[in-house]
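J.: okay, sequence plus prediction incoming.
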Amino acid sequence: MRKLMIGNEALARGLYEAGCQIVSSYPGTPSTEITEFAATYKEIKSEWAPNEKVGLEVAFGASLAGARSACCMKHVGLNVAADPLFTLSYTGVTAGLVLIVADDPAMHSSQNEQDSRHYAIAAKVPMLEPADSAEAKAFAKEAYAMSEQFDTPVMIRMCTRIAHAQCAVELEDRIETGLRPYVKNPQKYIMTPANAKNRHPFVEKRMSELAELAETSELNRIEGTGKKIGIITSGTCYQYVKEVFQNDPDVRIFKLGLVHPLPLRKLRAFAESVDRAVVIEELDPVIETACKAAGISVEGKNLFSCIGEFNQAVIAKAFGLPDAPCYHLEASVPVRPPVMCAGCPHRGMYYVMSKMKLTVLGDIGCYTLGSAQPLNALDSTLCMGASVSGLHGFNKAKGPESEGKTVCVIGDSTFMHSGMTGLVNISYNNTNSTVVILDNSITGMTGHQQNPTTGYNIYGDPAAKVDLEALCHAIGIRRVRVVDPYDLSACEAALKEELAAPEASVIISRRPCVLLKYVKAKPALSVDPAKCRSCKKCMGLGCPAIHMENKKACIDPTLCVGCGVCEQLCAFQAIGGKDQS
Amino acid sequence: MKTTNIMIVGVGGQGTLLASRVLGHLLLEAGYDVKMSEVHGMSQRGGSVVTYVRFGEKVYSPIVCQGEADFILSFEKLEAARYLSCLAPNGLILTNSQEISPMPVITGAAEYPHEILDDIQKLGARIDAFDALDLAQKAGSSKCVNIVLLGRLSTYFDLDENAWLDALRSVVAPKFLDMNIKAFQLGRSSRL
């Protein structure tokens, strides 16, 4: 049976067919759907872990117990999971373990453009890179075989254009692998210095053996017989190269499926067989640098940028081919940046913070959109959890004057991921910091995944629910209060009181995301044009449902969910319920 | 056989993804090699979104570049203009005439260029603009704009109407199927 699948669905299918039994991941674009699709197979026990480190450690434990396991994450998640990864490389596996990491060149939905291939090199583990959905499925199965044959975790590198691109995939049956027997083996699994000293030489030997495999593996193949241009490439770049040069008799392509370790002998012979060898790779010159270090003469980043993503036009241009003719519009087209939804519960809290001119350290999630005009509410966004720890550092540096006008905001899922350790630090190392948890009862930006604060697991089944108030108390924060972010005066009172209080506090701004199915919209509000004085105060909310029409505020009834925040702002009572107009 | 390139552009939340999936299913069943690229995550939140559908005998890249699009299926006027440089010289812009103000227009930092389709037409580009929102509401929900547009697009394709309806049945959730079939037929008959 043939089916169109995004790369992430195909990978999940590959995990299923390979007999994978446990998947534990943290959501992150563009990796999220792998785990969501894995959860559709009853044979795979799937979980949302609180963060990527926990996810990879769960996969380790499952592998130790003899089950094929996997952990999926976005590129920045790998920074969080790096600690277990580097030593997992030493312990190796009992049953196959696959770590899938999705890079995001061009940062469609990320805060940086890091290249995960550096991790495979640094942690000394093999890395596969599929070039489409069909290969994603096939490589998942290859990865398990390699993991068990070479006693190593295996990484699969995805990118946005593989993860979220669809092509036809041929479905095959699952092979049940059962549980490999667990045998206690301290020399292999207890990484004390004495044992690790014995494992490191094993790791080096393993990578040499894998480098030999790379020379003959069908994962790496040469296409065509051209002698003028030899292109060395992998992943999505391979597709762009084929698009440009598919029938060119002068071009030969070296398509890498195993991107670490590299088949350097084969690459050398390839480069010597053509007039000009060019490495085409997005982001960093990883293959190019390895070739040059081995004395293989190649071109690469002299022709291509290490910023952003490529496409067929980028490659054609680098080889001097003409641009395709196209239409050029003189008129400027206003940009359309992503915005917080109409009725977003974060908006009210941000409006008040902005009005109070607070310094706000932000975090990763939908609420990062509060940085945009007109709310302009944020001062920083670094990485998951950094708002809480950063606030402590900011206040430590600037002292009481700062403590009275600086807060941080962090979502419920992000707080579980890595915010609570920062709160422990605030309590333990004692700053008078005010932490605002924007609790919308879901992991929003990645598309509504459950998390430990929602009371449901990945299947939507009831699960233990972390009590945020009790947790904050247990950490040592005595002042914990809950406000409804739709109530502007309550938000302002809470912020004023907690900023003035002589100790650290947590404000939980609690209201579920308006896009959740169980949240019922109230009737849309409307503006009475006779009462509207065109002061534009409501426009300061940045609500996509409100715009100016004939110099009067106007509410789009198809977008408005009746949250009532704008109604509280209007000094002339011009905004009201349906009967208003 | 030359690869055909379709871009589906709109505002996050308008249902561009579903439209591309119906198309993908249709074209795979019709025996073509198909590649599609979608957008998930941050840009979905009311931002400008674009998905690509490419089909032919053998397709490699999932992306459509400058001057390559045979069709730009646009859910909103401004978005048709935004991706104009991707249109092939003899390509067609099929667009909903609806205007949705982006945040810079809402805040007053920019003006909505109401005459933008005329500007495009003056350049010589082929445009088919119609009110898909009105037909969607007639079908039962403004959310069916995507399927109304597909209905109109179907009139430019040499594929049997039943093939389109089969694709709808395979992709659309059963409880919304009747409404979407109605939306498809309203879109299709609007040009036949």
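T.: Right, received. Where do you want to start? For clarity, every value in this text was computed on a predicted model and none was experimentally measured.
J.: if I pick the closest residue to B:R188 other than its chain neighbours, what's in contact with it?
T.: Excluding the flanking residues, the one nearest B:R188 by CB to CB, 6 or more residues apart in numbering or on different chains is B:G151, at 3.9 Å. In short, each C-beta sits where N, CA and C put it, glycine included. The contact partners of B:G151, by CB atoms under 8 Å, 6 or more residues apart in numbering or on different chains, come to B:164, B:183-190.
J.: cool, and A:N425?
T.: Applying CB under 8 Å, 6+ apart, the residues near A:N425 are A:388-389, A:392.
J.: re the thing from before, neighbour-wise, which one of the contacts of B:G151 leads?
T.: Using other CB atoms under 10 Å in any protein chain shown as the neighbour criterion, B:A183 leads the contacts of B:G151 with 30 neighbours.
J.: and the pLDDT at A:S332?
T.: Note for A:S332: predicted pLDDT of 89.
J.: how many neighbouring residues does it have?
T.: The burial count for A:S332: 10, using other CB under 10 Å.
J.: helix, strand, or coil at it?
T.: coil (DSSP: H, G, I helix; E, B strand; the rest coil).
J.: dump the residue contacts of the residue most central in space within chain B.
T.: Nearest to the mean C-alpha position of chain B, counting by CA atoms, centre = their mean, stands B:L73 at 3.0 Å. B:L73 makes contact with B:6-9, B:19, B:94-95, B:149-150, B:153, according to CB under 8 Å, 6+ apart.
J.: hmm, try it at 7 Å
T.: B:6-8, B:94, B:149, B:153 (CB atoms under 7 Å, 6 or more residues apart in numbering or on different chains).
J.: once you drop chain neighbours, what's closest to it?
T.: Per CB to CB, 6+ apart, closest to B:L73 is B:I8, 4.8 Å.
J.: just the element for that neighbour, please.
T.: In this structure, B:I8 is located in strand B:4-11 according to DSSP states H and E.
J.: next, the angle from the helix or strand following that strand to strand B:4-11.
T.: Following strand B:4-11 in sequence order, the next helix or strand is helix B:16-29 (DSSP H and E). Angle between the axes of helix B:16-29 and strand B:4-11 is 160 degrees (criterion: axes from the mean of the first three to the mean of the last three CA atoms, to 10 degrees).
J.: ok, the helix or strand bottoming out on mean pLDDT in chain B near chain A or not?
T.: The element with the least model confidence among the helices and strands of chain B, by mean pLDDT, DSSP states H and E, is helix B:103-106, at a mean of 90. Yes - using CB under 7 Å from any CB of the partner chain, helix B:103-106 comes into contact with chain A via B:103-106.
J.: show me what secondary structure element comes after that helix.
T.: Heading C-terminal from helix B:103-106 (DSSP H and E), you reach helix B:116-122.
J.: what about that following helix, distance to the chain center?
T.: 19 Å (CA atoms, centre = their mean, to the nearest Å).
J.: likewise stretch A:536-552?
T.: For stretch A:536-552, the distance to the chain centre is 33 Å (CA atoms, centre = their mean).
J.: what lies in contact with that stretch?
T.: Outside stretch A:536-552, the residues that reach it (CB under 7 Å, 6+ apart) are A:339-340, A:342, A:347, A:351, A:372-375, A:527, A:529, A:532, A:534, A:553-556, A:559-560, A:565-566, A:569-571, A:575, B:46, B:101, B:103, B:106-107.
J.: again, but for stretch A:250-268
T.: Here stretch A:250-268 has contacts from A:117, A:120-121, A:126-129, A:139, A:157, A:207, A:210-211, A:214-215, A:217, A:219-226, A:228-234, A:238, A:241, A:245, A:270, A:274, A:287, A:290-291, A:294, A:296, using CB under 7 Å, 6+ apart.
J.: in helices only, show me the contacts of B:G151.
T.: Assigned to helices by DSSP state H, the following of those qualify: B:164, B:183-189.
J.: in what helix or strand does A:G343 lie?
T.: With DSSP H and E as criterion, A:G343 is part of no helix or strand.
J.: what does A:S109 give?
T.: A:S109 belongs to no helix or strand, assigned by DSSP H and E.
J.: from the stretch 351-500 of chain A, which residue is nearest to chain B?
T.: Closest residue of the stretch 351-500 of chain A to chain B, CB to the nearest CB: A:P374 (5.2 Å).
J.: surely that residue meets B:A109?
T.: No - assessed by CB atoms under 7 Å, A:P374 is found out of contact with B:A109, at 9.0 Å.
J.: between these two, which one's more packed in?
T.: Neighbour count, other CB under 10 Å: between A:P374 and B:A109, A:P374 has more, with 18 against 13.
J.: the more buried one in helix, strand or coil?
T.: coil.
J.: mind listing what B:S61 touches?
T.: Taking CB under 7 Å, 6+ apart as the test, what B:S61 contacts is A:239-240, A:243, A:311-312, B:35.
J.: likewise B:G187?
T.: B:132, B:135, B:147-152.
J.: which of the residues you listed fall within helices?
T.: Per DSSP H, the contacts of B:G187 map to helices at B:132, B:135, B:147-152.
J.: most neighbours of all the residues you listed, which one?
T.: B:V148 (32 neighbours).
J.: for that residue, which non-adjacent residue is spatially closest?
T.: Take B:V148 and drop its neighbours on the chain: the residue closest to it by CB to CB, 6+ apart is B:G187, 3.9 Å away.
J.: does A:G230 really touch A:F270, like I thought?
T.: Yes - if you go by CB under 7 Å, A:G230 and A:F270 touch, sitting 5.7 Å apart.
J.: overlap of the contact sets of those two?
T.: Joint contacts of A:G230 and A:F270 (CB under 7 Å, 6+ apart) are A:254, A:277.
J.: what pLDDT does the model give residue 149?
T.: As the question left the chain open, I've gone with chain A. 98.
J.: my bad, the chain I had in mind was chain B
T.: B:L149 is given a pLDDT of 98.
J.: now do B:R45
T.: At B:R45, pLDDT is 74.
J.: could you do A:I426 as well?
T.: 98.
J.: next, it: phi, psi?
T.: Dihedral angles of A:I426 (phi, psi; degrees, to the nearest 10) stand at phi -60, psi -40.
J.: could you give the number of residues near it?
T.: By other CB under 10 Å, the burial measure for A:I426, its neighbour count, is 26.
J.: so where's the chain uncertain?
T.: All of this refers to chain A. Applying pLDDT under 70 to chain A flags the ranges A:578-581.
J.: wait, chain B was what I had in mind.
T.: Under the criterion pLDDT under 70, the flagged ranges of chain B are B:41-44.
J.: 80 instead?
T.: By pLDDT under 80, the weakly predicted segments of chain B are B:1, B:40-45.
J.: beta partners for the residue nearest to the centre of chain B?
T.: Per DSSP bridges, the residues bridged to B:L73 are B:I8, B:L94.
J.: that one and B:I63, how far apart?
T.: 16 Å (CB to CB, to the nearest Å).
J.: also A:D461?
T.: Taking CB to CB, one finds A:D461 at 39 Å from B:I63.
J.: quick one, phi/psi of A:G19?
T.: Torsion angles, degrees, to the nearest 10, at A:G19: phi 90, psi 20.
J.: surely it is in contact with A:R180?
T.: No - using CB under 7 Å, A:G19 is not in contact with A:R180; the gap is 11.0 Å.
J.: so which residues on the stretch 201-350 of chain A come close to chain B?
T.: A:239-240, A:242-243, A:246, A:311-313, A:323-329, A:331, A:333-339, A:341.
J.: and for B:L92, the neighbour number?
T.: 18.
J.: buried set for the strand or helix carrying A:E469?
T.: Per DSSP H and E: A:E469 is located in helix A:468-475. By 16 or more other CB atoms under 10 Å in any protein chain shown, the buried positions in helix A:468-475 come out as A:468, A:471-472, A:475.
J.: these: which two are farthest apart?
T.: A:L468 and A:I475 (10.5 Å; CB to CB).
J.: what's the domain layout of chain A?
T.: A:2-216, A:221-318, A:346-510, A:526-580 (automatic domain parsing).
J.: show the end-to-end separation of the longest one, please.
T.: One end of domain A:2-216 sits 30 Å from the other (CA to CA, to the nearest Å).
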